[in-house]
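Participant: sharing a model that was predicted from the sequence below.
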Amino acid sequence: MSGKGRVELVAVHKSYDARSAVSDINLVIPSGSYCCLLGPSGCGKSTTLRMLAGHEQVSDGDILMDNRNVTDFSPTQRGTAMMFQNYALFPHMSCLDNVAFGLRIAGMSKADRHARARELLTLVNMQDFAESYPDQLSGGQQQRVALARALITQPDVVLLDEPLSALDPFLRIRMRKELKAIQKKLDLTFIHVTHSQEEAFALADLAVVMDGGRIQQVGSPRALFETPSTPFVAQFIGGHALMQGSLGSRSAPGTELIIEGAPRGLLGDTQLGPFREAAAGTPVSFSVRSDHLDILPATTAPAPGRFLLPVRVTDVEFQGAFIYVECESAGSVPLLVYLPDRSQQVPEVGSEVCLGWSCAHINLFSPQHANPTTEVQP
Ligand SMILES: Nc1ncnc2c1ncn2[C@@H]1O[C@H](COP(=O)(O)OP(=O)(O)OP(=O)(O)O)[C@@H](O)[C@H]1O
């Protein structure tokens, strides 16, 4: 482990004129981690990346790198390198000169910088294209050269702004594997901006979901998927059904959860979290993973430890490994169910069925999100 490349943002704020673009960002990115900043268009992820790079001034707060306060440092003083969406290769320079460029600026001799550039072209498997020009390369090849160019100054932190978005879907998947492999091999910190949940899940050790200039949730992709902390996060990462209810009476085995039109179920104290002491009648909102919902006959009898919600099937969509079944409950909230394609029980559109799920699969949102109004518009 190099031990370098720890990044910390402390109460970082950015406004353009009077409009706030990023607010109150507090985040620690451990050295050697692959961090993805994820969120819909305009959520402030590129502004955050540009502030880390030093291409944008911070309005308030501090940026620390390896405990140095770099807030007022120039981009070259920070130990970061940036890789842009369009790769920004110089069209009139060969790949070798493009990669060596950062060392030319630093004043290194031609022989030395070319030797180092060849090493990096080999690292990204582009050694045979040293004399080619950018317009002779495919998108994926240009991206590899851009990565080599970013790495040549031996940064501790590599900043990547939508690096895969210009590639076709097949190449995108291949290149993301290569990015991750190089990041692990060199043990550098990568901070990668994307609006794709799939990309962030595939790459990130640490995923940061942003909305409206603020961090909504930070965690491993698995933690985000298992326990999204807000309705926005659950909707943005997808694959969750969102519901509302209220708490009922409390007894020894647990507290009742009341959902309109459904038999009551019980929640244990661990699941209740901040709602442990809440009074009967308190509204709650929660998510259940779409692949944890079962479609059952309308006549299914209630059983302890399970919720049953009568719904009507409004749409059925074939999606390969999964079939998406959209349902509507009495509260007319659309609920998405993922049925494995091998499932024998694909319902008809218009049929009345029950959704069933285990009480243990309920993920309550924190109290300030009990009445969600968030609509995700990626
Ligand atoms: N130079 C600027 N001047 C004024 N406002 C800006 C500037 N750059 C960004 N903004 C505003 O700041 C907010 C955040 O923008 P930012 O580019 O960081 O979002 P983003 O999440 O990266 O979006 P996208 O995915 O579309 O690139 C937006 O409301 C945007 O209009």
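Facilitator: Sure, I can see it. Numbers count the residues shown, from 1 in each chain.
Participant: tell me the buried residues in stretch 28-39?
Facilitator: Buried residues in stretch 28-39, counted by 16 or more other CB atoms under 10 Å: 29, 31-39. C-betas here are computed from N, CA, C, even on glycine.
Participant: what's the answer for stretch 133-148, then?
Facilitator: Neighbour-count burial for stretch 133-148 [16+ other CB under 10 Å]: 133-134, 137, 140-148.
Participant: looking at these, which two lie furthest apart in space?
Facilitator: Checked with CB to CB, those reach their widest spread between Tyr133 and Leu147, with 17.6 Å between them.
Participant: give me the mean pLDDT for stretch 216-230.
Facilitator: This predicted structure assigns stretch 216-230 an average pLDDT of 95.
Participant: could you do stretch 65-74 as well?
Facilitator: On average, the pLDDT along stretch 65-74 is 94.
Participant: so that it lines up with my notes, have the first residue be 751 from now on.
Facilitator: Renumbered: residue one is now 751, and that last one reads stretch 815-824.
Participant: just the CA trace of that stretch, in PDB.
Facilitator: Coordinates of the C-alpha atoms in stretch 815-824 are reproduced here as PDB (Å, rounded to 0.1, in the frame of the first residue of the first chain):
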ATOM      1  CA  MET A 815      -5.100  15.500   0.700                       C
ATOM      2  CA  ASP A 816      -3.000  13.300   3.000                       C
ATOM      3  CA  ASN A 817      -3.700  15.800   5.700                       C
ATOM      4  CA  ARG A 818      -2.300  18.700   3.700                       C
ATOM      5  CA  ASN A 819      -4.800  21.500   3.300                       C
ATOM      6  CA  VAL A 820      -4.800  21.900  -0.500                       C
ATOM      7  CA  THR A 821      -7.800  24.200  -0.800                       C
ATOM      8  CA  ASP A 822      -5.800  27.000  -2.200                       C
ATOM      9  CA  PHE A 823      -3.200  24.900  -4.100                       C
ATOM     10  CA  SER A 824      -2.900  25.000  -7.900                       C
END
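Participant: quick one, what contacts the residue of the stretch 901-1050 of the chain found nearest the ligand?
Facilitator: Per CB to the nearest ligand atom, His945 is where the stretch 901-1050 of the chain lies closest to the ligand, at 5.1 Å. By CB atoms under 8 Å, 6 or more residues apart in numbering, His945 lies in contact with 788-791, 795, 912, 1128.
Participant: output the buried residues of stretch 883-898 as a markdown table; include the columns pLDDT, secondary structure and distance to Leu814.
Facilitator: Formatted as a markdown table, the buried residues of stretch 883-898 follow (pLDDT from 0 to 100; DSSP: H, G, I helix; E, B strand; the rest coil; distance: CB to CB, whole Å):
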| residue | pLDDT | secondary structure | distance to Leu814 |
| --- | --- | --- | --- |
| Tyr883 | 95 | coil | 40 |
| Pro884 | 92 | helix | 36 |
| Leu887 | 91 | coil | 37 |
| Gly890 | 83 | helix | 35 |
| Gln891 | 88 | helix | 36 |
| Gln892 | 90 | helix | 33 |
| Gln893 | 87 | helix | 30 |
| Arg894 | 89 | helix | 31 |
| Val895 | 93 | helix | 31 |
| Ala896 | 91 | helix | 27 |
| Leu897 | 90 | helix | 26 |
| Ala898 | 92 | helix | 28 |
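Participant: and for the closest residue to Pro1013 other than its chain neighbours, the neighbour number?
Facilitator: The shortest distance from Pro1013 to any non-neighbouring residue, by CB to CB, 6 or more residues apart in numbering, is to Pro1052 (4.2 Å). Other residues near Pro1052 come to 13 when the count uses other CB atoms under 10 Å.
Participant: what of the one 4 residues further on?
Facilitator: With neighbours defined by other CB under 10 Å, the count for Arg1056 comes to 17.
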